[in-house]
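Novice: Pasting a predicted model and its sequence here:
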Amino acid sequence: MNNRHLTFHTDGTFKMVQFTDIHLQDGIEPERDARTLALMQRILETEQPDLVVFSGDLIYSVDTVDPKATFRRVIEVAVQAGTPFAVIYGNHDTEKGVTRAELQAILTEYELCVAEAGPEEIHGTGNYALPLYSHAGDRESAVLYFVDSGEYAPAAIGGYAWIHPNQVEWYSRESAKIRERNGGILPALAFMHIPIPEYNEVWQSGRVAGRKGEMVCCSKVNSGWFAAMLEAGDVMAAFAGHDHDNDYIGVLHGITLAYGRVTGHNTYGALQRGARVIQLLEGERRFETWIRLEDGSVM
């Protein structure tokens, strides 16, 4: 359990930078890794966020000789900037040579880390809710949910994993506890690595901005997380990564579904590298978001 309180500024803002699909390796394409790390440092200098969200595939463990050291190189970008950071895992972080538990143990060494392992009795590592406090620090003002979307589905099904029913139930319980504790619903955002099937639906609805350069690589099984968010009424938007050529954002049944922007150079994708920036406003059920690109421009 982390003891760090994240608070809104006196002007009512709280800013996050989402880095996703960083895919750092260790030595196969060193200049690409160096370019990725430099890009992240520049974005943090420019945006000066209050929180960095690493939303999965920090490393590409299959082609990494020392995955623990490579993982540290990624998170130390936030550490060197003096910025608190949250982590969720993707499908490539622990494919080979390291486990989620081992990466999570590394995170506990860093005072700036606000990530938690989450309940042992539910699926995955890194299911946690993070409250954001008012600028005065005296009450909870918003909440961020982080969910481990897993790796791969069983071979008989194929494709990617899904958010399991016990994780969905955990979210619903957490949401209810937060609502009860605060005498009402707090505005919330959610982060996962693998998009949920509703990302297809929001694209087809046409109420979107941004690009779709590849199919939505979601799971073939819909375990009902979107429905749970809809029923709880707190999550304004969910953010994913995973699909490097998608960066679109759209609204489905009142919930915004958004992609981050691929950050890493050591992986596929035609989009210019960058990061999604998200700014919450204290006491308001709305947020602002933009994409900061490697060339310094904003989308």
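Specialist: Noted; the coordinates are in hand. Numbering: from 1, shown residues only.
Novice: which residues does the residue most central in space within the chain contact?
Specialist: Against the mean C-alpha coordinate of the chain, by CA atoms, centre = their mean, the closest residue is Ser55 at 3.2 Å. Listed by CB atoms under 8 Å, 6 or more residues apart in numbering, the contact set of Ser55 reads Gln18, Phe19, Thr20, Ile88, Gly90, Phe191, Met192, His193, Phe239, Ala240, Gly241, Gly260. In this view, the C-beta of every residue, glycine as well, is placed from N, C-alpha and C.
Novice: And Ile196, by the same measure?
Specialist: With CB under 8 Å, 6+ apart, Ile196 has these contacts: Trp162, Ile163, Cys218, Ser219, Asn222, Trp225, Phe226, Ala238, Ala240, Leu257.
Novice: Out of those residues, the closest to Ile122 would be?
Specialist: Ile163 (10.3 Å; CB to CB).
Novice: For that closest one, list the residues it contacts.
Specialist: Val147, Asp148, Ser149, Gly150, Met192, Ile196, Ser223, Trp225.
Novice: Only whichever of these are buried, select them in ChimeraX.
Specialist: Of these, the buried ones go into a single ChimeraX selection, burial set by 16 or more other CB atoms under 10 Å:
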select :147,148,149,150,192,196,223,225
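Novice: Narrow the contacts of Ile163 to those in helices?
Specialist: Mapping the contacts of Ile163 onto helices (DSSP state H) picks out Trp225.
Novice: which one of the contacts of Ile163 sits closest to Lys68?
Specialist: Of all the contacts of Ile163, Asp148 has the smallest distance to Lys68: 18.8 Å, by CB to CB.
Novice: Which parts of this protein are helices?
Specialist: Secondary structure of the chain (DSSP H): helices at 30-47, 67-81, 100-107, 165-182, 198-205, 225-232.
Novice: The fifth one - contacts with which helices or strands?
Specialist: Yep, that's helix 198-205 we're talking about. Judged by 3 or more CB pairs under 8 Å, 6 or more residues apart in numbering; DSSP states H and E, helix 198-205 is in contact with strand 249-252, strand 255-259.
Novice: quick revisit: now, of the contacts of Ser55, which are buried?
Specialist: Of the contacts of Ser55, these count as buried by 16+ other CB under 10 Å: Gln18, Phe19, Thr20, Ile88, Gly90, Phe191, Met192, His193, Phe239, Ala240, Gly241, Gly260.
Novice: Filter those down to just the ones in strands.
Specialist: Among the buried ones among the contacts of Ser55, the residues falling in strands (DSSP state E) are Gln18, Phe19, Ile88, Phe191, Phe239, Ala240.
Novice: Next one: the last one relative to Ile163, how far apart?
Specialist: To Ile163, Ala240 is 11 Å away according to CB to CB, to the nearest Å.
Novice: Could you do the third one as well?
Specialist: Distance of Ile88 to Ile163, given as CB to CB: 11 Å.
Novice: hang on, the earlier thing: what pLDDT does the closest residue in space to the residue nearest to the centre of the chain that isn't next to it in sequence get?
Specialist: Closest residue to Ser55 apart from its sequence neighbours, by CB to CB, 6 or more residues apart in numbering: Thr20 at 4.4 Å. On the pLDDT scale, Thr20 is placed at 98.
Novice: switch to numbering from 501
Specialist: Right, with 501 as the first residue, what we last looked at is Thr520.
Novice: Now do the contacts for Thr520.
Specialist: Residues in contact with Thr520, defined by CB under 8 Å, 6+ apart, are 554-557, 693, 740-742, 760-763, 775-776.
Novice: separation between the residue sitting furthest away from the middle of the chain and Asp526?
Specialist: Within the chain, the residue lying farthest from the chain centre (CA atoms, centre = their mean) is Ala656, at 28.3 Å. The gap separating Ala656 from Asp526 is 34 Å, by CB to CB.
Novice: before we move on, the earlier item: from Gln548, how far out is the residue nearest to Ser555?
Specialist: Distance, Thr520 to Gln548, by CB to CB: 20 Å.
Novice: Give the residues shared as contacts by Ile588 and Ile663.
Specialist: Common contacts of Ile588 and Ile663 (CB under 8 Å, 6+ apart): Val647, Asp648, Ser649, Met692.
Novice: Out of those, the closest to Phe787 would be?
Specialist: Ranked by distance to Phe787 (CB to CB), the shared contacts of Ile588 and Ile663 are led by Met692 at 17.0 Å.
Novice: Spatially nearest residue to that closest one, not counting backbone neighbours?
Specialist: Nearest residue to Met692 in three dimensions, chain neighbours excluded: Ser649, at 4.4 Å (CB to CB, 6+ apart).
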